[in-house]
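A.B. asks: Sharing a model that was predicted from the sequence below.
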Amino acid sequence: MPEAVPPGFESLATSRAYLTQESMLAVETRKRKLFIGLPRETSLQENRICLTPEAVKHLVDAGHEILLESGAGEPSKYSDHDYSEAGATIAYSQKEVFEADIILKVAPPTYDEIEFMRAGQTLISALQFGTLTSEYITALTKKKINAISFELIKDPSGARPVVRAMSEIAGSTVMLIAAEYLARSNEGKGVILGGITGVPPSQVVILGAGTVAEYAARAATGLGAEVKVFDNHLYKLRRLKMNLCTPQLYTSTLDTYALNQQIRRADVVIGALNAEEGRIPFMVSEDVVSQMAPGSVIIDVSIDQGGCFETSEMTSHSKPVFRKYDVIHYCVPNIASRVPRTATNALSNIFTPILQEISQHGGINEVLFTNEHFRSGVYVYKGSLTNASIARKFNMRYKELALMIAVRN
């Protein structure tokens, strides 16, 4: 005989309070409010800024705080009013802006600006390998900050979006610069960049077959110039031929004899080689430059990485050219800054999603742990040098970033 159920137990057993309930787990949000500082650029006549007012409004509406130094947007034709209307706070001292958790700027900070920084801050800016010194790296590491070079940041495809965007601008701009300095008014050869009926086209030589070369070659061939592109990577040369599809384009590997012959006869020579392992893989000798025709133009787009020509010396927008062997040299490192409004929009399109991703992951440390592409841009982490190329260049000690992040997480 089954045991009798005690009176009242049946109703208790069937009570909802004692039935199996669906488990309700607390969902922790990792999203983090960001405090971003936009300083005014002070070095090398830098005219760009990393965020447009439209991007600032988007970030402020998402709950982030933006602190802008007064006048930072003026070179790109954005006023303080534009930014304040977008929700940014306007700061009237440089020191105040550097109190932000994330410092977002174009040019690397000066030594004076580094002094404003504190441990734990994150700096996102250019690095400019061509002018980098071991003393500069030491100054950053002493502050125990995180420093990220936006030239080194990669996207999921493995490309470097900031470099790509600025290279597109530089490539489109260099031929306008070349045409300007070829003119007699600038003591150039007095020839048109291109050609007309009955007159042979001008000769343009481009070192490198990357993005700068592609856009420069497109502009030059569109004007009617005869373009010769040299690079040691055949797949780049093949891609360039396929993208442009023009009979005016000649491609070749970096054969020294053939290249030197073409440079001697060229009206314009563009240096657009990318640094490999921190150095330019090829350099045109001073002897070859000395044999170019008077009034010819050299534009060294790679000057911020050391330059493609032995005669190159870094110049600025206020004094963009110099002459050597009566050859005009244009060696401004930030060519995109000639058109700051366009460049600012391009940068803003890149950095806005990056900042959103940092917020969604809960901060810099978290996004570095989960995003290997963003991790590629880090060269100082928690005060330690983490970039092997920089360490080799200056014979400095460095730490593996992946191991440091794994330990901290």
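C.D. replies: Yep, it's here. Numbers count the residues shown, from 1 in each chain.
A.B. asks: Tell me how far stretch 209-218 lies from the chain's centre.
C.D. replies: Centre-to-centre, stretch 209-218 and its host chain are 17 Å apart (CA atoms, centre = their mean, to the nearest Å).
A.B. asks: Any chance you could list what contacts that stretch?
C.D. replies: For stretch 209-218, contacts defined as CB atoms under 8 Å, 6 or more residues apart in numbering pick out 163-164, 167-168, 170-172, 174-175, 204, 206-207, 227, 229-231, 233, 236-237, 239-240, 243-244, 249, 251, 270, 272, 274, 301. From N, CA and C alone the C-beta is placed, and that goes for glycine too.
A.B. asks: With stretch 236-256 instead?
C.D. replies: Residues contacting stretch 236-256 (CB under 8 Å, 6+ apart): 201, 207, 209-210, 213-214, 217-218, 221, 224-232, 234, 258-259, 282.
A.B. asks: Check the contacts of stretch 209-218 for burial and list the buried ones.
C.D. replies: 163, 167-168, 170-172, 174-175, 204, 206-207, 227, 229-231, 236-237, 240, 244, 249, 251, 270, 272, 274, 301 (16 or more other CB atoms under 10 Å).
A.B. asks: Among the residues you listed, which are located in helices?
C.D. replies: The helices, defined by DSSP state H, take in Val163, Ser167, Glu168, Ala170, Gly171, Ser172, Val174, Met175, Lys236, Leu237, Leu240, Leu244 from these.
A.B. asks: so which of these comes closest to Ile328?
C.D. replies: For those, the closest approach to Ile328 (CB to CB) belongs to Val174, at 13.0 Å.
A.B. asks: Go ahead and confirm the closest one touches Ile335.
C.D. replies: Yes: applying CB atoms under 8 Å, one finds Val174 in contact with Ile335, separated by 6.7 Å.
A.B. asks: and for those two, which residues touch both?
C.D. replies: Shared contacts of Val174 and Ile335, counting by CB under 8 Å, 6+ apart, come down to Val301.
A.B. asks: Around Arg184, count how many other residues there are.
C.D. replies: Close neighbours of Arg184, defined as other CB atoms under 10 Å, add up to 10.
A.B. asks: for Glu54, same thing?
C.D. replies: Glu54 has 13 neighbours, counted by other CB under 10 Å.
A.B. asks: Just the buried residues of the helix or strand where it lies, please?
C.D. replies: Per DSSP states H and E, Glu54 falls inside helix 53-61. When burial is assessed from 16+ other CB under 10 Å, helix 53-61 yields the following buried residues: Pro53, Ala55, Val56, Lys57, His58, Leu59, Val60.
A.B. asks: Centre of the chain to that helix, how far?
C.D. replies: 21 Å.
A.B. asks: and the next helix or strand after it, what's its mean pLDDT?
C.D. replies: Counting by DSSP H and E, the next helix or strand C-terminal to helix 53-61 is strand 65-69. Strand 65-69 carries an average pLDDT of 97.
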